[in-house]
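A.B. asks: Compute the structure for the input listed below.
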Amino acid sequence: MRNANAAKEELKQMEENKYSEAPSKVMQQYERVFDTNTEFFTSCNPDLIEEALIQHLKEKEQVEPTINKDHYKVKFKLVTKG
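C.D. replies: Numbering: from 1, shown residues only. Sure, this is the predicted structure:
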């Protein structure tokens, strides 16, 4: 029988492994095209970022995004008031 601390450590290790895995999709070289883009940079695994974005859009915004299967590209339409 495992104790609760062992289960927590195992979960923590699984989360850390997610961050260190290679990206599952093609990563294109960054090219600055316009000065008006909204941009951010991170060393986090892009799969985690994409997963969090999609989850937020579906659960919080009730939006069904279109997800590119080959690249990290998500399209969605968000309607706001004002």
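A.B. asks: thought residue 72 was touching residue 50?
C.D. replies: Yes - if you go by CB atoms under 8 Å, residue 72 and residue 50 touch, sitting 5.7 Å apart. Yep, even glycine has a C-beta here, placed from its N, CA and C like the rest.
A.B. asks: Against residue 50, how distant is residue 7?
C.D. replies: Look at residue 7 and residue 50: by CB to CB, to the nearest Å, they are 28 Å apart.
A.B. asks: Tell me which of those two has more neighbours.
C.D. replies: More crowded of residue 7 and residue 50, by other CB atoms under 10 Å: residue 50, with 19 against 10.
A.B. asks: That one and residue 31: what is the separation?
C.D. replies: 20 Å.
A.B. asks: now swap in residue 25 and tell me
C.D. replies: Going from residue 25 to residue 31 by CB to CB gives 17 Å.
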